[in-house]
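**Student:** Provided below are the primary sequence and the corresponding predicted coordinates.
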Amino acid sequence: MPSEASSITGTTGFTGAAGGASARPAEVAAREDDAVDLAAPDTETPSPSAPAGESSPKRRPRKRKRSLLDRIDAFISRLSTRNNFWHRVCSMIWLPYAFRSGIQMKRVDATTFTAVLPFRRFNRNWYNAMAGAALLGNAEIAGGMYVFGVAGGDYTVVCKNLNYTFLRPCFGPAVYRIKPQEDLNVLVAAGGEFNITLDMDVVQQIGVPGKRDKRVGKTVVTFHVTPKAHHKTKKERRSKPDASE
């Protein structure tokens with residue numbers, strides 16, 4: 001009976017296919033596991049470029065590009081501390097009092113500097129002595145010139161405290177002998193903002209061989225020194241809430 005045989009054969013073929021699929025479940029599962037292993041990355045294997053136990057190197061922050069005004073400001077700052085000529089030129093524009101007083105900086109040794117205030121009419125009082133205001137005001141200028149000359153044009157220097165003690169009248173050129181209490185070069189190398197305290201002895205320059213200079217006053221002054229980059233960072237932080245609003 002051909003119809004029954006064909007019916008039996010078709011049923012047998014269908015059953016055989018189903019039986020073959022159910023007869024090899026382990027092999028199919030193994031192939032699926034292999035596919036998952038190939039698709040998923042191995043997170044436990046260390047990178048061949050980085051040695052075991054070491055993290056990948058961090059990217060260095062990119063330096064902020066300075067604007068044209070910043071470069072001009074830095075150039076003028078360096079120029080003002082190059083020598084007394086350029087210092088007087090810059091003082092004539094930005095420090096007219098220091099320009100008219102005629103104060104000049106001189107280096108004695110690695111740690112001692114002097115500033116000489118000439119005995120001119122602009123600095124004298126009515127009884128022909130050095131005016132107290134001239135001695136006091138130029139003490140701040142002398143200390144600020146010293147700190148600014150060492151720190152450089154990338155810093156701002158602000159006087160926080162000044163204590164001047166008058167000892168006797170000054171009837172000649174005044175010399176400010178400056179000596180820092182801390183190592184200024186180390187503080188600048190740290191790169192942050194800091195305070196620096198200077199001790200200054202103010203003496204009258206005699207200019208006669210064999211005679212010692214007379215001490216007319218002493219000064220202790222503290223300056224706060226801040227990198228200009230810090231001012232910009234603070235300004236950007238203050239402007240961010242305004243921009244978000």
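**Tutor:** Right, received. Where do you want to start? This is a predicted model, so every value here is computed, not measured. Numbering: from 1, shown residues only.
**Student:** low pLDDT regions in the protein?
**Tutor:** 1-66, 81, 108-112, 231, 241-245 (pLDDT under 70).
**Student:** check which element follows the strand of greatest length in it along the chain.
**Tutor:** Longest strand in the chain, counting residues (DSSP state E): strand 214-227. Using DSSP states H and E, the next helix or strand after strand 214-227 towards the C-terminus is helix 228-244.
**Student:** which positions in that next one come out as buried?
**Tutor:** Judged by neighbour count (16 or more other CB atoms under 10 Å), helix 228-244 contains these buried residues: residue 228. To be clear about C-beta, it is placed using only N, CA and C from the backbone, and glycine gets the same treatment.
**Student:** same check, this time on stretch 94-113
**Tutor:** Going by 16+ other CB under 10 Å, stretch 94-113 has these buried residues: 95, 98-99, 101-105, 113.
**Student:** related to what we said a few turns ago, for the longest strand of the chain, name the packing helices and strands.
**Tutor:** Where contact means 3 or more CB pairs under 8 Å, 6 or more residues apart in numbering; DSSP states H and E, strand 214-227 is packed against helix 132-151, strand 155-166, strand 194-204.
**Student:** quick check: the gap between residue 93 and residue 132.
**Tutor:** For residue 93, the distance to residue 132 equals 27 Å [CB to CB, to the nearest Å].
**Student:** who's more crowded, those two?
**Tutor:** residue 132 (14 against 10; other CB atoms under 10 Å).
**Student:** tell me the contacts of the closest residue to that one other than its chain neighbours?
**Tutor:** The spatially closest residue to residue 132, leaving aside those adjacent along the chain, is residue 166, at 6.3 Å (CB to CB, 6 or more residues apart in numbering). Residues in contact with residue 166 (CB atoms under 8 Å, 6 or more residues apart in numbering) are 132, 135, 216-217.
**Student:** just curious, which of those residues is nearest to residue 200?
**Tutor:** Nearest to residue 200 among the contacts of residue 166 is residue 217, at 8.5 Å by CB to CB.
**Student:** shouldn't that closest one be in contact with residue 135?
**Tutor:** Yes: here residue 217 reaches residue 135: they are 6.1 Å apart, a contact under CB atoms under 8 Å.
**Student:** shared neighbours of these two, which are they?
**Tutor:** Common neighbours of residue 217 and residue 135 (CB under 8 Å, 6+ apart) are 164, 166, 170, 202.
**Student:** from residue 102, how far out is the residue nearest to residue 132?
**Tutor:** Residue 166 is 21 Å from residue 102, by CB to CB.
**Student:** excluding sequence neighbours, find me the nearest residue to residue 99.
**Tutor:** residue 91 (4.0 Å).
**Student:** what sits against that neighbour?
**Tutor:** 80, 98-99.
**Student:** so it sits in a strand?
**Tutor:** No: using DSSP: H, G, I helix; E, B strand; the rest coil, the secondary structure at residue 91 is helix, not a strand.
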